[in-house]
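Engineer: Test case, fold it:
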Amino acid sequence: MKFCGIFLLLVTYITFTLSLRLYQTCEDWDPIPEDSYNQTFVSITDPKANEVRPLGFKVTTLSVHGNATCVSIGDTGGNNRHIEIKWELQQSGQLCVTNQQDANELCGSTINHDSCGTVPGGAFEVNYTFYCQGDGCEGGDKIFWYRFVVESPMEGGGYDENWCQTRDLNYPSSLVQLPASIQPSTTTSQKNDAESFTTKRVVMSTVTSYSNRSCPEDWDPIPEDSYNQTYVLITDPKANEARPLGFKVTTLPFQKTFCVNVGDTGGNNRHIEIKWELQQDGTLFVKDNQEMNILRSSSINQNNCGSVPSGATEVTYTFYCQANGCEGGDKMFWYRFVVESPMEDGGYDENWCQTRDSKYPSSLVQISASIPPPSTTTKRNGAVSSKTGRAVIALCTILTFLAAIFFM
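Structural biologist: Next up, the predicted model:
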């Protein structure tokens, strides 16, 4: 009898130890009715972000140490029922999510990402695990918004096969209110006054070369050793006074362009670095007035470094938005130009671009202690829900009770 009791206690100890690990592995998703969504913009670093929950989103962090974040979605059962997953990145990196049912992997490096389809395996509960993968993941803990929406049954109890097509494109950044103090100094329409802005061809043909004097916005550089190292919210009315890491912020009105003159660029084989960081989804383009080179990116962070176009003593750069995401309203972004300084002998370093860092305003973000990851696990597909953890703990209680009987 005592042997049986000892055996049961040993099993209980092992099971209980495991259950504590499992119980902490996944957090249960707490849905909010869509008609009750908070429509107020909230900074992702706001300590109360997970109380406000704009548009039903929550915010979490991914550990730089390679741990994953797991969320358990309940009440997902039903034939051909759908589930929508959305996330919005704050920093550069490729975010991925997988589930324990079919191990399907979804990844995205753009600011906003969404996926909608039938519930994996028609399961009554699905665990999703987020993790960072590829370039940008080694730069520190990642913070992002995320949301799950499970389709509600129709009056007849079935589910709408076209439900995914009815979903909107809104994210927390969609709620941003652009402060009046942060406006572009000059904007030029991307359409002829007599013609409608209807095609990409019109966009490209209207983004033409600007003479330097047709663009009144001159770039005001800051010495790199004097850069402000403090994180500043992009919507802060004083953002262009603080200028974190030398960046400035501007808005790009829908169907318009924004131009900047960069001076003192002359010199044989002199280099110039261009960086920008997007606040909202969309593909941002920039074009110079010398060689008409076009740079484009839909990633959060973008940098380009190379020789000054045509070795000109002044270059005008024009920003514009095109393709998916541009029609959603004014766009807000950080931008910075750095022109290479001459060496002591007056020449320029052919390897200067390779010496540049990869920092952006979001690199300065300080993640609030009130916004920890829901849970972490080093396994992508081995996560279990907190409900399962509670069940294991209940089993441990029963085993302990039986062991006590054997000892009596």
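Engineer: Helix or strand with the lowest mean pLDDT in the protein?
Structural biologist: The helix or strand of the chain with the poorest confidence is helix 200-206; it has a mean of 35 (mean pLDDT, DSSP states H and E).
Engineer: give me every residue that touches the residue nearest to the spatial centre of the chain.
Structural biologist: By Cα atoms, centre = their mean, the chain has its centre lying nearest to Leu89, at 0.9 Å. Contacts for Leu89 (Cβ atoms under 8 Å, 6 or more residues apart in numbering) come out as Leu95, Ser109, Thr110, Ile111, Asn112, His113, Lys142, Phe144, Ile300. Where C-beta positions appear, they are placed from N, C-alpha and C, glycine not excepted.
Engineer: For stretch 36-43, list the C-alpha coordinates in CSV.
Structural biologist: Output of stretch 36-43 as CSV, limited to C-alpha atoms (Å, rounded to 0.1, in the frame of the first residue of the first chain):
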residue,chain,number,x,y,z
SER,A,36,-18.5,47.8,-28.3
TYR,A,37,-15.0,48.4,-29.7
ASN,A,38,-13.2,51.5,-28.4
GLN,A,39,-12.7,54.0,-31.2
THR,A,40,-10.0,56.0,-29.4
PHE,A,41,-6.4,56.0,-30.5
VAL,A,42,-4.0,54.7,-27.9
SER,A,43,-0.2,54.6,-28.0
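Engineer: Specify the beta-bridge partners of the residue nearest to the centre of the chain.
Structural biologist: Beta-bridge pairing of Leu89 under DSSP bridges involves Phe144.
Engineer: how about low-confidence regions in the stretch 1-150 of the chain?
Structural biologist: Flagging of the stretch 1-150 of the chain using pLDDT under 70 yields the residue ranges 1-25, 64-67, 135-136, 138-140.
Engineer: Repeat the analysis, applying 90 as the threshold.
Structural biologist: 1-26, 41-47, 61-69, 77-80, 88-95, 100-113, 121-123, 131-143 (pLDDT under 90).
Engineer: Strands along that one, start to end?
Structural biologist: Using DSSP state E, counting those that start in this stretch, the strands of the stretch 1-150 of the chain run over residues 27-28, 58-62, 69-74, 82-89, 94-99, 105-108, 112-118, 125-133, 142-150.
Engineer: quick one: which of those strands is nearest Asn268?
Structural biologist: Nearest of these to Asn268, taken as Cβ to Cβ: strand 94-99 at 38.6 Å.
Engineer: helices or strands up against the closest one?
Structural biologist: With contacts defined as 3 or more Cβ pairs under 8 Å, 6 or more residues apart in numbering; DSSP states H and E, strand 94-99 has these neighbours: strand 82-89, strand 105-108, strand 125-133.
Engineer: distance between the second one and the chain's centre?
Structural biologist: Read it as strand 105-108. 13 Å (Cα atoms, centre = their mean, to the nearest Å).
Engineer: So in that sheet, which strands flank that strand, and in what orientation?
Structural biologist: Applying DSSP bridges to the sheet, strand 105-108 is found paired with strand 94-99 (antiparallel).
Engineer: for the longest one, same thing?
Structural biologist: Listed by DSSP bridges, the sheet partners of strand 125-133 and their directions read strand 69-74 (antiparallel), strand 94-99 (antiparallel).
Engineer: Need the winner for burial among the ones you listed.
Structural biologist: strand 69-74 (a mean of 24; mean count of other Cβ atoms under 10 Å).
Engineer: what residues are up against the closest residue to Asp102 other than its chain neighbours?
Structural biologist: Excluding the flanking residues, the one nearest Asp102 by Cβ to Cβ, 6 or more residues apart in numbering is Pro120, at 4.7 Å. Pro120 makes contacts with Asn99, Gln101, Asp102, Asn104, Val126, as judged by Cβ under 8 Å, 6+ apart.
Engineer: next one: Gln177
Structural biologist: Going by Cβ under 8 Å, 6+ apart, Gln177 touches Phe41, Thr235.
Engineer: need the strands of the stretch 1-150 of the chain in TSV with distance to Thr250, can you?
Structural biologist: Converted to TSV, the strands of the stretch 1-150 of the chain look like this (distance: least, Cβ to Cβ, whole Å):
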stretch	distance to Thr250
strand 27-28	38
strand 58-62	26
strand 69-74	33
strand 82-89	21
strand 94-99	27
strand 105-108	26
strand 112-118	20
strand 125-133	29
strand 142-150	23
